[in-house]
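**Q** Sequence plus predicted model, see below.
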Number of protein chains: 2
Amino acid sequence: MILCDIGNSFLHFYYRGRIWKESKDKLSQKDANEIIIFISVNEQSTQSLLHSHPRCFDLTPLLSIDTTYKGLGIDRIAACNAIKDGVIVDAGSAITIDIMQDGIHLGGYIMPGLAQYRKLFSAISVLDCDLNLAIDLDMFPQNTRDAVSFGTLKSIILMIKNTSKNKKIYFTGGDGKFLSRFFKDCIYDDLLIFKGMQNTIESKIINKGVTL
Amino acid sequence: MILCDIGNSFLHFYYRGRIWKESKDKLSQKDANEIIIFISVNEQSTQSLLHSHPRCFDLTPLLSIDTTYKGLGIDRIAACNAIKDGVIVDAGSAITIDIMQDGIHLGGYIMPGLAQYRKLFSAISVLDCDLNLAIDLDMFPQNTRDAVSFGTLKSIILMIKNTSKNKKIYFTGGDGKFLSRFFKDCIYDDLLIFKGMQNTIESKIINKGVTL
């Protein structure tokens, strides 16, 4: 069994403790005997996967979470299935922040991803400079590059601090490890979405004796 | 004397207590006897102004502020000349935040403007929705539109609060009035840049008897 989380930029795979990503135009051949269980937020990439592999199963209809949020992305639902309590920060193309309490999803919000901020500022000619991710967030910036980096990074961090208060924070996604550095007692887990998928596979498929 | 602040989107004018904006392609004819004293961050719009009016004077070389910040935009320098102490939030295409203390500029930073956030989120198909500016910032969002609006608006507000602490906040720029609603005891002043220009004109031109 191979797990696959299809995002907007890449397809992320999990197989036997190993994770890796592939682009939809360069999908590697996988063992045809293995089933690929996937979730997806990108239809084009889903089609690429279905064409590249004979046995694929969409986990989406089996994934759910107790929430009043309308339109929660399937990747966020999967991540929320991995924990009972805490704040999940998935820092990818966008940064999604979701709050879980006693297995219930209390809500969540969305900020631009670091790459989106970078792109946005580089579109304004005078601010055409890469972010300085080593910026000191306790000093007022003294040049344009630091000013943009400070505005970006500190606003993300203040938001996460404001939301988490005494809750445990779980970081995942491409920029999750970097952002986790700014928090004590937090967890960086690049398997969070796969763990949520795995929990659902166990409770809704394996434990019920369903054969795929 | 007409004052003009040339930004990236519009040319902003001040004349006899009245302010208005014009686009560089549709500049109105002004009284040829009046001098236009201007500052600019956009060369193309500056050229349009110079072609449309016979008497223009660039105030840039006379404007300065005590700072170690390298590359501070001339519009930010002008606004800083309007106050001695406080935080200036200029919410236009970008949002610039500058900190003044005893007439000295301590530093500043830059965040995307509300329109930039809007554009950024509308570029991601699933997030193609206008911001909900009436969002309740004390409740976790329960749908995509609110999630994006909350992430945008609350991050801007937390940053300003974190910076200002007990300092007076001066809002200006197109979205300044809207943002000022979230703060007690703040000042919204759409004349801030013009007041800074006026202060410099008085101290460096009029009081020194210079004739333009």
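**A** Received, thanks. Numbers count the residues shown, from 1 in each chain, chains lettered A, B, ... in the order given.
**Q** how near is A:Leu63 to A:Ser40?
**A** From A:Leu63 across to A:Ser40, the span is 11 Å (C-beta to C-beta, to the nearest Å). Glycine gets a C-beta too; all of them are placed from N, C-alpha and C.
**Q** Spit out the residues that contact those two alike.
**A** Shared contacts of A:Leu63 and A:Ser40, defined by C-beta atoms under 8 Å, 6 or more residues apart in numbering or on different chains, are found at A:Ile74.
**Q** Point out the other helices and strands that the helix or strand that contains A:Asp5 packs with.
**A** Assessed by DSSP states H and E, A:Asp5 sits inside strand A:2-6. Applying 3 or more C-beta pairs under 8 Å, 6 or more residues apart in numbering or on different chains; DSSP states H and E, one finds that strand A:2-6 contacts strand A:11-15, strand A:36-40, helix A:43-52, helix A:192-201.
**Q** got a list of what A:Ile19 touches?
**A** Applying C-beta under 8 Å, 6+ apart, the residues near A:Ile19 are A:12-13, A:190-191, A:194.
**Q** Taking the chain centroid, which residue in chain A is the extreme one?
**A** A:Gln142 (33.1 Å; C-alpha atoms, centre = their mean).
**Q** So it versus chain B, what's the distance?
**A** As defined by C-beta to the nearest C-beta, to the nearest Å, A:Gln142 lies at a distance of 5 Å from chain B.
**Q** next one: A:Ile88
**A** 13 Å.
**Q** How about A:Ala134?
**A** Distance from A:Ala134 to chain B, by C-beta to the nearest C-beta: 15 Å.
**Q** and if you look at A:Gln44?
**A** A:Gln44 is 11 Å from chain B, by C-beta to the nearest C-beta.
**Q** next one: A:Ala147
**A** From A:Ala147 to chain B the distance is 4 Å (C-beta to the nearest C-beta).
**Q** For the residue nearest the centre of chain A, name its beta-bridge partners.
**A** In chain A, the residue lying closest to the centroid (C-alpha atoms, centre = their mean) is A:Asp90, at 3.7 Å. Listed by DSSP bridges, the beta-bridge partners for A:Asp90 are A:Thr96, A:Thr172.
**Q** Is it correct that it is in contact with A:Thr96?
**A** Yes: between A:Asp90 and A:Thr96 there is a contact at 4.8 Å, judged by C-beta atoms under 8 Å.
**Q** Mutual contacts of those two, please.
**A** Contacts common to A:Asp90 and A:Thr96, judged by C-beta under 8 Å, 6+ apart, are A:Arg76.
**Q** How many residues are close by A:Asp130?
**A** 11 (other C-beta atoms under 10 Å in any protein chain shown).
**Q** Need the pLDDT of it.
**A** Listed pLDDT for A:Asp130 reads 80.
**Q** Kindly report the same for A:Ile124.
**A** 65.
**Q** what about the strands in chain A?
**A** With strands called from DSSP state E, chain A shows them at A:2-6, A:11-15, A:18-22, A:36-40, A:56-58, A:86-91, A:94-101, A:104-112, A:169-172, A:187-188.
**Q** Distance to A:Asp136 and mean pLDDT added to those, as TSV?
**A** As requested, the strands of chain A are arranged in TSV below (distance: least, C-beta to C-beta, whole Å; pLDDT from 0 to 100):
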stretch	distance to A:Asp136	mean pLDDT
strand A:2-6	35	97
strand A:11-15	33	97
strand A:18-22	32	96
strand A:36-40	39	98
strand A:56-58	46	97
strand A:86-91	21	98
strand A:94-101	22	97
strand A:104-112	22	97
strand A:169-172	21	98
strand A:187-188	22	98
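**Q** Redo those as TSV? Include distance to B:Ile157.
**A** Formatted as TSV, these follow (distance: least, C-beta to C-beta, whole Å):
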stretch	distance to B:Ile157
strand A:2-6	33
strand A:11-15	34
strand A:18-22	35
strand A:36-40	34
strand A:56-58	40
strand A:86-91	19
strand A:94-101	16
strand A:104-112	13
strand A:169-172	21
strand A:187-188	28
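**Q** Which stretch among those approaches B:Ile74 most closely?
**A** Checking the strands of chain A against B:Ile74 by C-beta to C-beta gives strand A:104-112 as the closest, at 27.8 Å.
**Q** Is the closest one in proximity to chain B?
**A** Yes: shown here: strand A:104-112 in contact with chain B (C-beta under 8 Å from any C-beta of the partner chain) through A:106-112.
**Q** Just the closest of those to chain B, please.
**A** A:Gly107 (2.6 Å; C-beta to the nearest C-beta).
**Q** Is it correct that that closest one is in contact with B:Thr144?
**A** No: counting by C-beta under 8 Å, A:Gly107 does not reach B:Thr144; the two are 11.7 Å apart.
**Q** thinking again about what came up before, point out the one among the strands of chain A that comes closest to A:Gly73.
**A** strand A:94-101 (7.2 Å).
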